[in-house]
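Peer 1: Let me see the structure of the following:
(chains A and B)
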Amino acid sequence: MPAPAEPGLPPAAAPAPGPSTGAPARPRRLLWRAWRAVSERTLVTLIALCGISAIVFVFGIFFFICREGAPFLRDVFTFKGFFLSQEWYPTSETNRRFGILALLAGTGSVTLLAMLFAVPFGLGTAVFIAEFCGKKAREALKVMVEMLAAVPSVVWGFIGMMVINPLIVRFTGAPVGVNVLNAGLVVGLMSVPVIVSIAEDAIRAVPDGFREAAEALGATRWQLVYKVIFPAARSGLLAAVLLGVGRAVGETMAVLMATGNSVNIPLGRGFPWFHALESVQTLTATIASELGDAPRIEALANGTYPPEAHHYQALFVIGIVLFTITFVINLTADLIVRGIRNRK
Amino acid sequence: MSHAPTSPTPNLAAPDADRAPRAPRFAATDLTRRKLRAQRAAQVVFGAMAVAILVPLVAIVAYLVARAWPALGWHFLTGVPTNGMRSGGIWPALIGTAYLVVFSLLVAAPIGVLAGIYLNEFARDTWFTRAVNLAVVNLAGVPSIVHALFGMGAFVLFAGLGKSVLAASLTLAIMTLPVIIVATKEALASVPTAFREACWNLGATRWQTIRTIVLPNSISGILTGLILEVCRAAGETAPIMFTGAVFFKAVRAGDLFPYRPDEQCMALSYHLHTLATQVPGVPEPVLYGTAVVLVGFVLVFNSFAIALRMRLRARKKW
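Peer 2: Numbers count the residues shown, from 1 in each chain, chains lettered A, B, ... in the order given. Below is the predicted model of the structure:
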């Protein structure tokens, strides 16, 4: 991309080559300068354009998923029928119903369970890395956490299906091992790195003066952590948890392979533990598993859509819901983190 | 005077004599003992937590490799799937992933690096810059399946690319853009402002400063970002599912250019997904082998990035 500007920039060209005296040198040098100014201007514009590309893309994402989902929003969507109904029958011949309550419950239950694992372990690891271990161990642990974050989500899903699935069947006696518990474990492990890295940043952002003051009063490391660090880094830790939630809500391949994909609200067998042994389907997995089979059908001549067209559009509306959820989570986390930075 | 050389001996002995009575004076109170016990317990618990999240990583990689061992070998990498994908190799998926990664890098690298330059070198601290930064964070936080929907709506349908290598790589590029932007921004931010000021004082323009001073001093950090982008793009499945990845495509073994940019291609991550969920009766070594190749590729590249960053930090002169 910077190719057109390259020739204009070599500093070696400053003393003009060729005859340095006489009439022809001057216009050439002027031309050279003009070219350099123009190319610099072009390049800076290009850089600015790329700089704002992120905004363009975020709006683009919102625009294009709305564009595909708009007919559904116009013709079929009702708040009650969409958000408050658990009847997801998008391909029924007689009565198509698009209620995502069960899908929301699926996403919610997996996220909740994932956070039950990931928040204590993530924050604990962050505290250990930031406050308790030596320099070498810190580097090693951070590298390992980064590696954990690098494992692709489809591999996590594969592990859930092939490794955790039989273990759950053996140890709990559940009929199938692909369920909330499985997905919760897998997604929990996937969100731990996010929580660790953000929480560690938050802990390290606590001014050293706080630590010194506490140590001067004779506090042990642990007292320092829970009496000084936790309160001081509270909002940063909250942001870390929020971003972990965002990661868990948006996770697709792992939950597609590890939840069992049955539209179901995991309630109703008594003791909470057993709910985790029910299969569910999340918002993300619904899109991933159904978009391939949902045909995109153009509008009829009179501008309306045949009922078969609504499945495809409803999946894009689910995309809008997911986009909104993660947008709000990221916005909140960002405001919290920025709040901390401004206060300092 | 003659005693002087021997005088150190009694002085050295004196503290030894003192040590015995000192113990009771500094004995820990109950409170201190409890405090220290809590401290030790906390250290052990937090350490155990750190180990507990990292053990699965090691265990899983070891387990995958052990199960995949019979299938792994050169012919597995360069062979084509046979017998309805139940035997043979993974070459078409491997080369397909390479295609997607290279194309997405070609798109994301210039945009991402320039965006990083803009955010660190040009942008002032205004509400607009804050909005851009927020957009970067959000772009990273948007679920991968929503990126897939976007890719489908924008590239496959609106731009008319159809399901193709091109559409899939563009989707991947936009999804992985934040990785490059953030890495570039951090790399540039670590170059001291004094370097830039010195260059400006010599009469260099902004871009000359960036090109001759800032970029050379931050190139390793930017490279780290690019490698991380490669890892991310290679591992993603959801964004390519509906924009260009295909279940099966006949490819000659070892063929380096099997796909055209406007064709669909196979991809390693999608191949693993289909093998695991759509094809019944795949022998375990083939399944696990595919997973190991994917994980291995990503982890090896990631360690390159980490090694590069550590070298950079060790070599830093300022």
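Peer 1: For B:Ala256, which residues are in contact?
Peer 2: Careful, residue B:256 is Leu and not Ala. B:Leu256 sits next to B:Ile95 when contact means C-beta atoms under 8 Å, 6 or more residues apart in numbering or on different chains. All C-beta atoms are positioned from the backbone trio N, CA, C, and that covers glycine.
Peer 1: ok, it to chain A distance?
Peer 2: 24 Å (C-beta to the nearest C-beta, to the nearest Å).
Peer 1: do B:Tyr99 as well
Peer 2: 17 Å.
Peer 1: before we move on, what SS does that residue have?
Peer 2: helix (DSSP: H, G, I helix; E, B strand; the rest coil).
Peer 1: what's near enough to touch it?
Peer 2: Contacts of B:Tyr99 (C-beta under 8 Å, 6+ apart): B:Val165, B:Ser169, B:Tyr259, B:Cys265.
Peer 1: tally of neighbours for the first one?
Peer 2: The reference is to B:Val165. Residues within reach of B:Val165, counting by other C-beta atoms under 10 Å in any protein chain shown, total 26.
Peer 1: With the second one instead?
Peer 2: When neighbours are counted by other C-beta under 10 Å, B:Ser169 registers 29.
Peer 1: how about TSV for the contacts of B:Tyr99, with pLDDT and secondary structure added?
Peer 2: Converted to TSV, the contacts of B:Tyr99 look like this (pLDDT from 0 to 100; DSSP: H, G, I helix; E, B strand; the rest coil):
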residue	pLDDT	secondary structure
B:Val165	94	helix
B:Ser169	95	helix
B:Tyr259	88	coil
B:Cys265	92	strand
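Peer 1: Max pairwise distance over those residues: which two?
Peer 2: B:Ser169 and B:Tyr259 (11.1 Å; C-beta to C-beta).
Peer 1: Tell me the residue of the stretch 201-344 of chain A that sits nearest chain B?
Peer 2: A:Gly250 (3.0 Å; C-beta to the nearest C-beta).
Peer 1: Grab the nearest non-local neighbour of that residue.
Peer 2: B:Pro143 (3.0 Å; C-beta to C-beta, 6 or more residues apart in numbering or on different chains).
Peer 1: now swap in A:Ser279 and tell me
Peer 2: Nearest to A:Ser279 is A:Gly260, by C-beta to C-beta, 6+ apart, at 2.8 Å.
Peer 1: list the contacts for that neighbour?
Peer 2: So A:Gly260 contacts A:Val176, A:Val178, A:Asn179, A:Asn182, A:Ser279, A:Val280, A:Gln281 (C-beta under 8 Å, 6+ apart).
Peer 1: so how far is B:Ala135 from it?
Peer 2: A:Gly260 sits 36 Å away from B:Ala135, taking C-beta to C-beta, to the nearest Å as the criterion.
Peer 1: next one: A:Phe83
Peer 2: 27 Å.
Peer 1: In terms of neighbours, single out the busier of those two.
Peer 2: B:Ala135 (21 against 13).
Peer 1: In this structure the more buried one contacts A:Phe62, no?
Peer 2: No - in this structure B:Ala135 lies outside contact range of A:Phe62 using C-beta atoms under 8 Å: 11.0 Å.
Peer 1: Could you pull up the contacting residues of the residue of the stretch 201-344 of chain A closest to chain B?
Peer 2: A:Thr284, A:Leu322, A:Thr326, B:Gly141, B:Val142, B:Pro143, B:Ser144, B:Ile145, B:Val146.
Peer 1: so which of the residues you listed would you say is closest to A:Ser235?
Peer 2: Nearest to A:Ser235 among those, with distances taken as C-beta to C-beta, is B:Gly141, at 18.2 Å.
Peer 1: That closest one - how many residues pack around it?
Peer 2: Counted with other C-beta under 10 Å, B:Gly141 comes out at 23.
Peer 1: where do the helices sit along chain B?
Peer 2: Assigned by DSSP state H, chain B shows helices spanning B:8-25, B:30-68, B:74-78, B:91-117, B:127-141, B:144-151, B:165-189, B:193-201, B:206-209, B:215-235, B:238-241, B:268-277, B:284-315.
Peer 1: pLDDT score assigned to the residue positioned nearest the centre of chain A?
Peer 2: Relative to the mean C-alpha position of chain A, the nearest C-alpha, by C-alpha atoms, centre = their mean, is the one of A:Arg247, at 4.3 Å. Looking at A:Arg247, its pLDDT is 93.
Peer 1: any idea how far the closest residue to it other than its chain neighbours is from chain B?
Peer 2: Take A:Arg247 and drop its neighbours on the chain: the residue closest to it by C-beta to C-beta, 6+ apart is A:Ser191, 4.5 Å away. A:Ser191 sits 11 Å away from chain B, taking C-beta to the nearest C-beta as the criterion.
Peer 1: and A:Ser191, what helix or strand is that in?
Peer 2: Using DSSP states H and E, A:Ser191 maps to helix A:180-204.
Peer 1: So for that helix, mean pLDDT?
Peer 2: Helix A:180-204 comes out at a mean pLDDT of 93.
Peer 1: Mind giving me the packing neighbours of that helix?
Peer 2: Packed against helix A:180-204 by the contact rule (3 or more C-beta pairs under 8 Å, 6 or more residues apart in numbering or on different chains; DSSP states H and E) you find helix A:101-127, helix A:135-150, helix A:153-159, helix A:165-172, helix A:234-250, helix A:253-258, helix B:30-68.
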